[in-house]
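> My questions are about this predicted structure, shown below with the sequence.
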Amino acid sequence: MKKLSLTKMNITNNYSFFFISAIILLWFKTYFIQLTQFNLGIDNSTQQFLLFLNPLGSAVLFLSVAFLFNGKMRFIALIIIDFLMSFLLYANALYYRFFNDFITLPTLTQTQNFGDVSGSLTTLLKPFDVLFFADIILLLGLLIFSFNRLEVKKTSPKKIIAVVIFALSVSGINLAIAEDDRPQLLTRGFDRNYIVKYLGMYNYTIYDAVQSSKASAQRALADSDDMTEVINYTRSNHANPNPEYFGIGKGMNVIYVHMESIQNFLINYELHGEEVTPFLNSLTKEANTLYFDNFFHQTAQGKTADAEFMVANSLYGLPQGAAFTTKGLNTYQSAPAILGQQGYTSAVLHGNKGSFWNRDEIYKSLGYDHFYDASFFDMKVEDLADYGLMDKPFFEQSMPYLNALPQPFYANFITVTHHFPFTIDEEEATIAKHTTGNKTVDNYFQTARYADEALEQFFAYLKDANLYDNSIIIMYGDHYGISNNHNKAMKEVIGKEVIPFESAGLQRTPLFIRVPGMEGAVNHEYAGQIDLLPTLLHLLGIETKEYIHFGTDLLSDEHDDIIPFRNGDFVSSQVSMVDMTFYDSKTGEPLEDDRMEEAKKYQLAAEQKLKLSDNVVNGDLLRFYTPETFIPVDRSKYNYKVRNEETIEVRTEQ
C-alpha cells in the first residue's frame, strides 16, 4: 500500500503528468465552451467533429511553449499560458454575449469605450462563469500541494520537436477537413463565426492578427494607381438621379436622427393591446414622409460607429474593429465636408463623452464644424442612461444649439436610451414589458416606447422653432438591438421560427425621409445605410458622379439593391444569401439549382463592393483623388473646444 501511494505521488509530481493534464482539461473545456457559449451554426457531423478537434492542436502548441523554461518555472509557465488562453476564451464569451461577435485586435484599440460599457458588464456575468477557470484552479492547487516534490527532468529536443509536430499535424488535418467542408475558408473568411467554428478560438486569434496586420500595412503600400479600379467601379455603378426627386430639398436644412437599436419589426407592433411606437407608426402615413420597410443596417463590430461612418461617407465599415477608431486620420469626402463647401454649417449632438468611439478626432477628418458632446449638456444623474443623456432631456437641451446654428445646417443627433441592456426606471416606462421570459427582449419594448415618445417631442420642438417646414428630416435605425442569441424569445415576438432567412430579415431597421412638399408613401425598395449619402445629395440637387460612393441613390430607377453584410451574407429584392445558402427573397425558400448561376453573380457583386471599399479605407486611397468641385478637409483647422467656446453659453442664455 505504501509503495502504491509513492507511485501515485511520483506521477502527480512529474511534469509530463501536468502537461498532459493541462492539455486534456483545456481541450475539453474549450470544446464545451465553444459548443455552449457561441451560436456557431453547427450543421453536420463534420462540423461537430471539427469543433471537438480544433482546440487540441492549439492547446498542445501553445502549452508546449512552457518547455522553454527550466526547473519548477516550467510548471508555473504552463499554468500562466493556460490561464491566458482561458482568459482569452472568457473575454470572447463576454464580448459575444454583448455584441454577438468575437474580439478582434482593432477592437482592443477601442479602450476609450471600455469605461462607458462597463455599466452593462454586470448583466453579462453568469454564476457558472467560474467554470471557465476551473482547470486552472485545479492545476494551481495541485502545483501548490506538490511544489516541494516536483520533478522536472530535462526534456530532449527530439521530444519537444515531436510534440510540436504532433500539434501542427492535428491543426493541419483540422484545416484540410475544414477546407473540404467550406472551400476557401481563409481566403474568403468574411464571417468570424466560420473561422471559430472550423478552426477554433485560438487559431481564429492568429488568423485575426494576420488579417489586422495586412490591413495596417495597406496604407504604407498603397499608391495612386490603386484608385483607378475604384474610380472605374463607382462611375460605372453610378445611379442617375430621379428627376422627380432631384433638388426637391435644395437649400433646406438637413436633420439626421440616429435611432439607437430600433428594428423594423417594431413598426405597427402591438403589445398588450397597445402600439409600441405610435409616433413612428404615424410617420408611415405622414403626407411628406417616405417610409422604407426594406432598409437594412450593415454594421459590423463598430455597430453605432459603423452606421455613422456609412451614412457620412458611403463607405463600408471594416470587417474588424471600427474605422472610427482605427482610421480617424484618413482623408474622406463626407457629407458634412461636401455640404460645408455648399454653404452649410455642420454639427453633431450627442449626450456622451466626445472620446467615445474616437468621435472627437474622426469628426475633424469628416469636416464637422461643431461637436456638442456631454460637456455641453446638463448631465443630471437622474437623466442618465447607460450610455449618456436620456433622449427626452437630450432633445430638449439640444434645441438652443440647433437654433444657434447658421442656416442652412447639417445636424446629426445621436440618441442613446434605447441601448442594450434596455434598462429604464419604472416611472419612465409607459408600457408593460413583454412576457417572453427573456430579460433583454422583454425590456426592449419599454425603452423603444420611451425613444418613440422622445422623437415625438423633438418634432414638436422643431415646429415651435420654425424649423420643421424648411428641413429634410432623415431618421434611421443604426443596428439591431436584439441579437441572434435571443432567437428563441424572438419566435414568440414575431410569431414564427427564426430560421436563418428570418434572422437576416430582422436586420431591417426603419428609414424615414421627410422632405417638405414631397409626396409621402411606403417604399419597398431594398436599400442599406450605404445608400443614404448619394440619396441625400440628390435630394439637395447635388450631383454625385465624381465622388467615391459605394451606395446608390435609393430613389433612382438605377438603384443597385444588393445589400452586402460584413459577414459575407447579402440580401436583395431577388436573391439573398444567408449562412452560405441562397434564398428567393420573395418566398424565403432555398433557390432551385437552375438559379445558382444568377445567385453567384449576386454574391460576386456583393464581395466586390466590400473588397473595393476596404481597399479605399485601409489604403486611405482618397488622399490620391479629389473631385474637381471638392476641397480636401484640413483637420488642423478643427478644434472643437475652441470653436464651441463661442456657443458654450447658448444653453444658459436661451
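The structure has been received and is ready for your questions.
> can you list the weak-confidence ranges in the protein?
1-13, 99, 106-107, 109-122, 147-152, 187-191, 641-654 (pLDDT under 70).
> how is it carved up into domains?
Domains of the chain are assigned by automatic domain parsing as 2-218, 224-237+247-423+437-481+500-653.
> what's the burial count for residue 403?
14 (other C-beta atoms under 10 Å). Placement of C-beta: from N, CA and C, glycine included.
> Ignore what I typed, I meant residue 36.
By other C-beta under 10 Å, neighbour count at residue 36 equals 10.
> which one of the domains of the chain has the most crowded surroundings?
Comparing those by mean neighbour count (mean count of other C-beta atoms under 10 Å), domain 224-237+247-423+437-481+500-653 ranks first with a mean of 20.
> now it, how far from the centre of its chain.
13 Å (C-alpha atoms, centre = their mean, to the nearest Å).
> Including distance to residue 488, could the domains of the chain go into JSON lines?
What follows is the domains of the chain, written out as JSON lines (distance: least, C-beta to C-beta, whole Å):
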{"stretch": "domain 2-218", "distance to residue 488": "11"}
{"stretch": "domain 224-237+247-423+437-481+500-653", "distance to residue 488": "7"}
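> Spit out the contact partners of residue 165.
By C-beta atoms under 8 Å, 6 or more residues apart in numbering, no residues touch residue 165.
> and if you look at the one 5 residues further on?
With C-beta under 8 Å, 6+ apart as the criterion, the residues that contact residue 170 are 53, 56, 57, 60.
> repeat that for 6 Å
With contact set as C-beta atoms under 6 Å, 6 or more residues apart in numbering, residue 170 has these partners: 56, 57.
> same question, residue 372
349, 401.
> What residues are bridge-paired with it?
Beta-bridge partners for residue 372, by DSSP bridges, are residue 349.
> Please tell me how far it sits from residue 316.
In this structure, residue 372 and residue 316 are 28 Å apart, going by C-beta to C-beta, to the nearest Å.
> Residue 242 now?
24 Å.
> Can you report phi and psi for residue 344?
Torsion angles at residue 344 (phi, psi; degrees, to the nearest 10) stand at phi -90, psi 150.
> cool, residue 256 as well?
phi -100, psi 140.
> looking at it, it is touching residue 410, isn't it?
No. The criterion here is C-beta atoms under 6 Å, and residue 256 misses it with residue 410 at 7.8 Å.
> In terms of helices and strands, where is residue 333?
Element membership of residue 333 [criterion: DSSP states H and E] is none; it lies in no helix or strand.
> Once you drop chain neighbours, what's closest to residue 230?
In space, and not counting its chain neighbours, residue 230 is closest to residue 612: 5.4 Å by C-beta to C-beta, 6 or more residues apart in numbering.
> phi, psi of that neighbour?
Torsion angles, degrees, to the nearest 10, at residue 612: phi -70, psi -40.
> which strand residues sit across from residue 575 in the sheet?
In beta-bridge terms (that is, DSSP bridges), residue 575 pairs with residue 584.
> Could you do residue 291 as well?
Beta-bridge partners of residue 291, as defined by DSSP bridges: residue 512, residue 522.
> Adjust the sequence numbering to begin at 890 for everything that follows.
Sure, I'll start numbering at 890, so the last one becomes residue 1180.
> Can you tell me what sits against the host helix or strand of residue 1116?
Element membership for residue 1116, per DSSP H and E: helix 1116-1125. With C-beta under 6 Å, 6+ apart as the test, helix 1116-1125 has contacts from 1437, 1501, 1505, 1510, 1513, 1514.
> Would you agree residue 914 falls within a helix?
Yes. Residue 914: assigned to a helix according to DSSP: H, G, I helix; E, B strand; the rest coil.
> Which strand or helix spans the spatially closest residue to it that is not a sequence neighbour?
Of all residues not flanking residue 914 in the chain, residue 1024 sits nearest, at 3.7 Å (C-beta to C-beta, 6+ apart). Using DSSP H and E, residue 1024 maps to helix 1023-1035.
> Show me what that helix is packed against.
Where contact means 3 or more C-beta pairs under 6 Å, 6 or more residues apart in numbering; DSSP states H and E, helix 1023-1035 is packed against helix 962-988.
> which helices and strands does the helix it packs on pack with?
Against helix 962-988 (3+ C-beta pairs under 6 Å, 6+ apart) you get helix 904-926, helix 1003-1013, helix 1023-1035.
> Let's see that with 10 Å instead.
Of the remaining helices and strands, those touching helix 962-988 by 3 or more C-beta pairs under 10 Å, 6 or more residues apart in numbering; DSSP states H and E are helix 904-926, helix 934-952, helix 994-997, helix 1003-1013, helix 1023-1035, helix 1081-1088, helix 1090-1110.
> any idea how far it is from the chain center?
The answer for helix 962-988 is 24 Å, by C-alpha atoms, centre = their mean.
> Repeat that for stretch 1313-1327.
So, by C-alpha atoms, centre = their mean, the centroid of stretch 1313-1327 is 26 Å from its chain's centroid.
> for the spatially closest residue to residue 1320 that is not a sequence neighbour, what are its contacts?
The shortest distance from residue 1320 to any non-neighbouring residue, by C-beta to C-beta, 6+ apart, is to residue 1338 (4.5 Å). Contacts for residue 1338 were tallied using C-beta atoms under 10 Å, 6 or more residues apart in numbering; they are 1155, 1160, 1163-1168, 1307, 1313, 1317-1321.
> Does residue 1338 lie in a helix or a strand, and which?
If you go by DSSP H and E, residue 1338 is part of helix 1328-1353.
> Could you tell me the angle between that helix and helix 962-988?
50 degrees (axes from the mean of the first three to the mean of the last three C-alpha atoms, to 10 degrees).
> one step back: list the residues that contact both of residue 1145 and residue 1299?
With C-beta under 10 Å, 6+ apart, residue 1145 and residue 1299 have common neighbours 1201, 1224, 1237, 1361, 1425.
> Check which element follows the strand or helix carrying the last one along the chain.
Looking back up the chat, that one is residue 1425. Per DSSP H and E: residue 1425 is located in helix 1421-1428. Using DSSP H and E, the helix or strand that follows helix 1421-1428 towards the C-terminus is strand 1452-1453.
> I'd like the next helix or strand past that next one.
Immediately after strand 1452-1453, counting by DSSP H and E, sits strand 1459-1460.
> Which secondary structure elements does that next one sit against?
helix 1389-1394, strand 1452-1453, strand 1464-1467, helix 1485-1508.
> any chance of the ones you listed in a markdown table, with distance to residue 1253 too?
Conversion of the helices and strands packed on strand 1459-1460 to a markdown table gives the following (distance: least, C-beta to C-beta, whole Å):
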| stretch | distance to residue 1253 |
| --- | --- |
| helix 1389-1394 | 36 |
| strand 1452-1453 | 29 |
| strand 1464-1467 | 38 |
| helix 1485-1508 | 17 |
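> out of those, which comes closest to residue 1415?
strand 1452-1453 (6.0 Å; C-beta to C-beta).
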